[in-house]
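Novice: Here is a sequence together with a model predicted from it:
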Amino acid sequence: MAAVSETIVREYFELHGFLVRQPRKYAAPTKGEDEEFDFFVANPRPQPADSLLPAILTSADLSRITRAVVFVKGWHTETFSPAMLAQSPDMFRFVDAEIAKQTARFFGDERAVTRILIVPALPQNAEAREQSLEILRGKGIDTVIPFRTLLADLVAETEANRNYQKSDVLQVIRLLKNYDFLKGPQLELFKSPRNRARKGSSV
């Protein structure tokens, strides 16, 4: 699942014009997966930022990012609630000195980078969501992107009449569209369970 999640994230950033590099393609035997970041991303044509980035990024905000390190948490059955984060104190071992060292080596200088966390889901309740974001900020995360945002963009931009033979992810989305499993602007696949249940009960 980790490889699939990382592939989706890579496709998303490349879709939005970023240059993406994965620092390693092997599992380090002396470190857990939560101690590593997954990607460097660089925007060749960033737009000037006239305000701070929001805590939860949308695709429209990406143009304001110059460069970033990206952490991918593809736990697709989990909600990053305050309780879950509190019960997993070692889940985010983001070592400032090590990240700064690797970033400076990759980009050639020590200018600041944005730290982005890709999350499966955040709490729907506003207060709980803000508590989760506060915990993540305390761990060194600048902003998060929900997987729903990534998937919705990839689905919207993939054309059913194109052959994406160089991308397994886009090819699968193309096939789902071609056989009418994904269709229309409503993108039923990405509706919340609550909304789908409400629609079904009204028929």
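Specialist: Now that the structure is in, tell me what you want to look at. Numbers count the residues shown, from 1 in each chain.
Novice: all strands in the chain, in order from the N-terminus.
Specialist: 19-21, 39-42, 67-72, 114-119, 143-146 (DSSP state E).
Novice: In TSV, list those along with mean neighbour count and mean pLDDT.
Specialist: No exception for glycine: its C-beta is placed from N, CA and C like everyone else's. Listed next are the strands of the chain as TSV, based on neighbours: other C-beta atoms under 10 Å; pLDDT from 0 to 100:
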stretch	mean neighbour count	mean pLDDT
strand 19-21	13	94
strand 39-42	20	92
strand 67-72	22	91
strand 114-119	22	92
strand 143-146	20	95
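Novice: gap between the residue most central in space within the chain and Thr143?
Specialist: Per C-alpha atoms, centre = their mean, the C-alpha nearest to the average position across the chain is that of Ile118, at 3.1 Å. The gap separating Ile118 from Thr143 is 11 Å, by C-beta to C-beta, to the nearest Å.
Novice: correct me, but Ile65 touches Pro44?
Specialist: No. Ile65 lies out of contact with Pro44 (C-beta atoms under 8 Å); the separation is 11.6 Å.
Novice: okay, now the domains of the chain?
Specialist: Domain assignment of the chain by automatic domain parsing yields the ranges 2-152, 161-201.
Novice: Ranking the ones you listed by mean neighbour count, which comes first?
Specialist: Of all the domains of the chain, domain 2-152 has the most neighbours on average by mean count of other C-beta atoms under 10 Å, namely a mean of 15.
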